[in-house]
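Enquirer: This is the structure alone, sequence omitted:
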């Protein structure tokens, strides 16, 4: 009987679906294991062979844990809100929900055909109202919370109101806006309700503020820093400018230290931990105030990690978008400053941070007063200073900071030396450990550590500054000017945000005619005719009914892409619960993700925001642990092997790879589907695909073939090197695809795809099949296995179990091949050997394992059969041959 992968895989995929084989049960008496992949955004292109790499690895581990007796939760869903569907809607008028639904069908078909053991009964989609109801609910909880620094946790806003009612702001130590007023209990109780709401907004964990944002005019929305690459939008490559907008923000900065500390408690890759550590950016120093000369009451607050160098300040630099710039700029400098501010607005913060070579700036014409010497110090603006970091201002010490040194040299500003014995003729001196301060009044002769303590003491004594720990982490902007996202459960009364009662959730997206912003610049929801809230009926009603008495306008922004992914892992634990986000018994049992697999590109986006929300949910008692994933693995990428043809420069002539030496050529991508395993191009197919080359002359090799050149690149539609898993599954089968992707190399490393290599794995599966069959007949013996057969089995059990536990899946595949070769040589057909072998192989190649297991007479799925137990005795050698020589013979 021949191995027919198409029939076998179709049969067992139907069996698993019909029998709900992988449905997780809430069996609280059984040990649990939760395996999760980062859920995909369902793009129109579907999956390529690079996408399933992490899914295959997690599936192997989930299946292995079932064999080990665990109650395994291995769900899947879709991060289905996203900009691509909205862009398609703008171009075609088709509702993003329709596009998304069609894309999900493609994804589901492709995922099913690879044989993943997902529990689809728990599927979630972030764009479904029954799911985003709970995203809206979490937003309300954040709004109704504040961060108590004394307790180092979030608390209900009611506890803050009680403090205000009894003691005013006295004794309140909160994470809040910078500019908050002090008041007594009598003051608070005398404030109007609106005034009280305005004050509370400055303390809430989600709040409205005028924020510098990355605005992309072409996309009509705000972008997060991680959505910008090289100064343009990641999606579409459109220009991005900085501008101020009133936005919802999340007070993630309150959790900065806990986010850092929590990294020590989780088993995540060190490079990813380093990324988050650097992004959070903890630094110790001091806040110092510089008065602005001639502008009474105006001052520049500066955070510096080197207050010991304060006597070396020779100028100040403000971020171009700093609020003081228009106030203090002199008439003579106004045009220069405004032009510089406008130019800077076209650059993203990331671009400005990364560009260390360009030196630019403008003098405002204003001066600051040095807090110790009283000297006047020039105030400049420069794009190397960011409004979002620190206070948006630096005290420039050119003798001790290379950027300040280069800036001062470029603009001819003085560079006083305050370091004893340091040569600053060529560069700044930045060695803290060798620092001895000079020319600095009361700091003369002090080392770095002693000078730090003394200067902070003096700053605090004189009331001109104080010691401070600072974080680079900024509060997260939470508004997007898009249609296809979660609506906020917010309406506005007298300009102040009001939360819709959670019992009325979800607030569903309205229908709109256009998905672009309105003509007057409002977000796309401004196009909706029915988008107002009636507080009497608690329903969304027509905008025409807005009277600001019983009917009020709803929020026009939607939530960002990371909102739906910041708690989805917990919702999987109880996804059909319509009464609460999850039941306490379910969350207490499943607790957290035991194994999370996904890309490292999410280090400072999804993975940071999800940790923030989890810590908040823990503070408020909704979840039992404050880290959502115990272990995380970042899978590497499967790279594409791109094909190129080379066009002779300036001519309509295309050269074969062997003819390009010494020629000036322009490489052009060729679709890999037009190239065979011998790197030969289908010229006629290429001409049909690229009609502009229909009349081109193709110079072939001497044997008449046309060879392409190859290069390993990221697998991408734009590089025409995408390999569709549908084609691989059809020709070789899903089991071969799964084994081959694992065989390519260590999970965490990137590796190139080469389709020709999969034939070796396919041959292995056919060889495995032949162990069970003699011709068309099943040939299995119930006889006693030999010592060699037992040795082969048990060394395989030992190696495979070690490999799976260490996530070394590539070496397991090699081990299977060795085992099958040995058993073939031993002519083994013993049930006692082959049945455990099938269990070992089933996590990797589940379809063939199920088929052969069934053929051996078993009525139940192999998926929960106990994993074979390794016995050392079978590896003990009973005899050994020793070479012996006599007289050298």
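Expert: Good, I have the coordinates. Since we're looking at a predicted model, the values are computed, not measured. Residues are numbered from 1 along each chain as shown.
Enquirer: what about the helices in the stretch 701-850 of the chain?
Expert: Along the stretch 701-850 of the chain, the stretches classed as helices by DSSP state H, counting those that start in this stretch are 725-731, 734-743, 758-770, 787-805, 809-825, 831-841, 846-855.
Enquirer: And the fourth one, what's buried?
Expert: Judged by neighbour count (16 or more other C-beta atoms under 10 Å), helix 787-805 contains these buried residues: 789-801, 803-804. C-betas here are computed from N, CA, C, even on glycine.
Enquirer: Likewise for the first one?
Expert: Within helix 725-731, the residues that count as buried by 16+ other C-beta under 10 Å are 725-726, 728-729.
Enquirer: which other residues reach that helix?
Expert: For helix 725-731, the external contacting residues (C-beta atoms under 8 Å, 6 or more residues apart in numbering) are 6, 9, 47-49, 51-52, 110, 113-114, 736-737, 755, 758.
Enquirer: What's the ChimeraX syntax to select whichever of those residues are buried?
Expert: Written as a ChimeraX command, the selection of buried residues from the contacts of helix 725-731, which uses 16+ other C-beta under 10 Å, is:
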select :9,47,48,49,51,52,110,113,114,736,737,755,758
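Enquirer: Please tell me how far the residue positioned nearest the centre of the chain sits from residue 831.
Expert: To find the centre residue of the chain, average its C-alpha atoms and take the closest one (C-alpha atoms, centre = their mean): that gives residue 602, at 1.6 Å. When distances are taken as C-beta to C-beta, to the nearest Å, residue 602 and residue 831 turn out to be 47 Å apart.
Enquirer: quick one: which of the buried residues of helix 787-805 is nearest residue 885?
Expert: Looking at those and their distance to residue 885, the nearest is residue 791, at 29.1 Å (C-beta to C-beta).
Enquirer: That closest one reaches residue 876, doesn't it?
Expert: No. In terms of C-beta atoms under 8 Å, residue 791 does not count as a neighbour of residue 876; the distance is 9.2 Å.
Enquirer: helix/strand/coil for the spatially closest residue to residue 851 that is not a sequence neighbour?
Expert: Taking C-beta to C-beta, 6 or more residues apart in numbering, and ignoring the residues beside it in sequence, residue 851 has residue 8 as its nearest neighbour in space, at 4.6 Å. Reduced to three states with DSSP: H, G, I helix; E, B strand; the rest coil, the structure at residue 8 is helix.
Enquirer: In this structure residue 25 contacts residue 70, no?
Expert: No. With contact defined as C-beta under 8 Å, residue 25 does not count as touching residue 70 (11.9 Å).
Enquirer: who's more crowded, these two?
Expert: Neighbours per residue, other C-beta atoms under 10 Å: of residue 25 and residue 70, the larger number sits with residue 70, 17 against 10.
Enquirer: which ones are touching residue 492?
Expert: With C-beta under 8 Å, 6+ apart as the criterion, the residues that contact residue 492 are 498, 552-555.
Enquirer: Need the three-state assignment for it.
Expert: At residue 492 the chain is in strand, as set by three-state DSSP.
Enquirer: could we number from 376 for the rest of this?
Expert: Let's use 376 as the start, then, which means that last one is residue 867.
Enquirer: Distance check, it against residue 910.
Expert: For residue 867, the distance to residue 910 (C-beta to C-beta) stands at 12 Å.
Enquirer: Determine the residues that are contacts of both of those two.
Expert: Going by C-beta under 8 Å, 6+ apart, residues that sit against residue 867 and also against residue 910 are residue 927.
Enquirer: now do the same end-to-end measure for stretch 697-711.
Expert: The stretch stretch 697-711 measures 16 Å between its terminal residues, going by C-alpha to C-alpha, to the nearest Å.
Enquirer: Rounded mean pLDDT for it, please.
Expert: The predicted model assigns stretch 697-711 a mean pLDDT of 96.
Enquirer: which residues sit against that stretch?
Expert: Counting by C-beta under 8 Å, 6+ apart, stretch 697-711 makes contact with 667, 670, 673, 675, 693, 712, 716, 737-741, 754, 756, 760, 762, 767-768, all of which sit outside it.
Enquirer: what does stretch 429-441 give?
Expert: Taking C-beta under 8 Å, 6+ apart as the criterion, the residues outside stretch 429-441 that touch it are 408, 410-413, 447, 449, 486, 489-493, 970, 972-974, 1008, 1010, 1113, 1116-1117, 1122, 1179, 1182, 1184, 1217-1219, 1221, 1238-1239, 1242.
Enquirer: could you measure residue 851 against residue 520, distance?
Expert: As judged by C-beta to C-beta, residue 851 and residue 520 stand 15 Å apart.
Enquirer: Looking only at neighbour counts, state which of those two leads.
Expert: It is residue 520, of residue 851 and residue 520, that has more neighbours when counted by other C-beta under 10 Å, with 24 against 20.
Enquirer: and that one, what are its bridge partners?
Expert: Listed by DSSP bridges, the beta-bridge partners for residue 520 are residue 531.
Enquirer: who touches it in this structure?
Expert: With C-beta under 8 Å, 6+ apart as the criterion, the residues that contact residue 520 are 529-532, 579-580, 991, 994-995.
Enquirer: Quick one, which of the contacts of stretch 429-441 are buried?
Expert: 408, 410-413, 447, 449, 486, 489-493, 970, 972-973, 1008, 1010, 1113, 1116-1117, 1122, 1179, 1182, 1184, 1217-1219, 1221, 1238, 1242.
Enquirer: Report the buried residues of stretch 500-515.
Expert: In terms of neighbour count (16+ other C-beta under 10 Å), stretch 500-515 has its buried residues at 500-503, 506-515.
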